[in-house]
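Engineer: let's see this in three dimensions:
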Amino acid sequence: KPQLEPDEPGENVEEKEPEVLEDYKTLLNMNKDLIGWLKIADINIDHPVMQANDNDYYLRRNFDEEYDKNGCLFLDYQCDILNRNTNWIIYGHNMQPGKMFGQLDKYSDEEYYKAHPKFEFDTIYEKGAYEIVYVFRSKIYNEDAVVFKYYQFIDAQSEMEFNSNMAEMARLSLYDTGITPEYGDELLTLSTCDYQENNGRFVIVARKIN
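Structural biologist: Sure thing, here's the model as predicted:
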């Protein structure tokens, strides 16, 4: 390969995969499906986040890939941690007594949100802090239903599409956090079952702050 001249654009240089953080190297050697770690200290969430080739694999498997009704937290299979999507979606079971995302719905209380507005999500490549912007209840709809489906929002192709999704989330939100994400912000959605209705879901949307 010829050496690039100093003023030549470097688009032919192969992109190297970023270095895995020291914190996660040992765990990654144990299970290559590890893509990150979610920590929301006050509701006892301090768990690895996995990603498989579909959204079923870790529903009933633990980190060791053995049967476990609690499953794992997992990133939607359509998301890409190397080429960041507009919105990453992490799923987890709403388990009693409070395992996995079992205490996530504490955020239905605005006062609880005000006391705990931020959390941490690291990918295996970089640390991240997030602030919560929307908290709402939704459900899984029939495929042909013409309605906002938060679980289909992974990449916004335009600013208009992004703003349309934000408006839908704001409309559903249980309270106003005073924060409106802007096109280009990096979002993270946490989704769990909500038993107030059939196929109900409890959803938190946050944006990366550093």
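
Engineer: show the low-confidence segments of this protein, by residue range.
Structural biologist: The model of the chain has pLDDT under 70 over residues 1-15.

Engineer: burial measure for I140, as a count.
Structural biologist: A count of nearby residues for I140, using other C-beta atoms under 10 Å, gives 15. Placement of C-beta: from N, CA and C, glycine included.

Engineer: now do M50
Structural biologist: Other residues near M50 number 23, with proximity taken as other C-beta under 10 Å.

Engineer: wait, doesn't it sit right on C72?
Structural biologist: Yes - using C-beta atoms under 8 Å, M50 is in contact with C72, at 4.8 Å.

Engineer: what residues do those two have in common as contacts?
Structural biologist: Shared between the contact lists of M50 and C72 (criterion: C-beta atoms under 8 Å, 6 or more residues apart in numbering) are residues 58, 63.

Engineer: let me see the contact set for the residue nearest to N62 when sequence neighbours are not counted.
Structural biologist: Spatially, and ignoring its direct neighbours in sequence, N62 is nearest to D68 (3.9 Å; C-beta to C-beta, 6 or more residues apart in numbering). Taking C-beta under 8 Å, 6+ apart as the contact definition, D68 lies against 60-62.

Engineer: now D68: how far from T177?
Structural biologist: As defined by C-beta to C-beta, to the nearest Å, D68 lies at a distance of 34 Å from T177.

Engineer: over to L187?
Structural biologist: From L187 to T177 the distance is 13 Å (C-beta to C-beta).

Engineer: comparing the two, which residue is more hemmed in?
Structural biologist: For L187 versus T177, the count of surrounding residues by other C-beta under 10 Å is larger for L187: 25 against 19.

Engineer: skip the chain neighbours and tell me the closest residue to the more buried one.
Structural biologist: N87 (4.1 Å).

Engineer: neighbours of the one you found, just the number please.
Structural biologist: Counted with other C-beta under 10 Å, residues neighbouring N87 total 23.

Engineer: again with N53
Structural biologist: Residues contacting N53 under the criterion other C-beta under 10 Å number 8.

Engineer: now do the buried residues in the longest helix seen in the chain.
Structural biologist: In the chain, ranked by residue count with DSSP state H as the criterion, the top helix is helix 159-172. Neighbour-count burial for helix 159-172, counted by 16 or more other C-beta atoms under 10 Å, picks out 162, 165-166, 168-170, 172.

Engineer: can you check stretch 103-110 too?
Structural biologist: For stretch 103-110, the buried set under the neighbour-count rule, 16+ other C-beta under 10 Å, comprises 103-105, 107-108.

Engineer: select from these every entry located in helices.
Structural biologist: Secondary-structure check on these using DSSP H: no residue lies within helices.
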